[in-house]
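1. Sequence and predicted structure, then a few things I'm wondering about:
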Amino acid sequence: MMASNIKRGRPKAFEPAGAFDAVSRKVEDEMVLYAQYVGEAKDSVEPS
């Protein structure tokens, strides 16, 4: 999973787009992905 996909709300566990921030880093020869919930996206739409 790439950080850019998480920011766009992919996969579904990270919806809506913009609700999570993510970054990947190389730590001691390993790729590590950090994801953080930052709240509902401002442009998210409530289901009717």
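-> Great, that's in hand.
2. hey, what's Val23 bridged with?
-> In this entry, Val23 is beta-bridged to Tyr34, by DSSP bridges.
3. which residue is nearest the centroid of this structure?
-> Ile6 (3.0 Å; CA atoms, centre = their mean).
4. That residue should be in a helix, yeah?
-> Yes. Counting by DSSP: H, G, I helix; E, B strand; the rest coil, Ile6 is part of a helix.
5. what sits against it?
-> By CB atoms under 8 Å, 6 or more residues apart in numbering, the residues touching Ile6 are 14, 20, 22, 33, 35. Backbone N, C-alpha and C define where each C-beta goes, glycine included.
6. Make JSON lines from these and add neighbour count, pLDDT and distance to Met2 to it.
-> Below are the contacts of Ile6 laid out as JSON lines (neighbours: other CB atoms under 10 Å; pLDDT from 0 to 100; distance: CB to CB, whole Å):
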{"residue": "Phe14", "neighbour count": "19", "pLDDT": "87", "distance to Met2": "11"}
{"residue": "Phe20", "neighbour count": "20", "pLDDT": "91", "distance to Met2": "13"}
{"residue": "Ala22", "neighbour count": "18", "pLDDT": "93", "distance to Met2": "8"}
{"residue": "Leu33", "neighbour count": "12", "pLDDT": "92", "distance to Met2": "8"}
{"residue": "Ala35", "neighbour count": "16", "pLDDT": "93", "distance to Met2": "11"}
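7. ok, back up a step: tell me the predicted confidence for the residue nearest to the centre of the chain.
-> What the model reports as pLDDT for Ile6 is 88.
8. Can you tell me how far it is from Asp21?
-> According to CB to CB, to the nearest Å, Ile6 stands 8 Å off from Asp21.
9. Now the common contact residues for these two.
-> Common neighbours of Ile6 and Asp21 (criterion: CB under 8 Å, 6+ apart): Ala35.
10. So, low pLDDT: which residues of the protein?
-> Applying pLDDT under 70 to the chain flags residues 1, 41-48.
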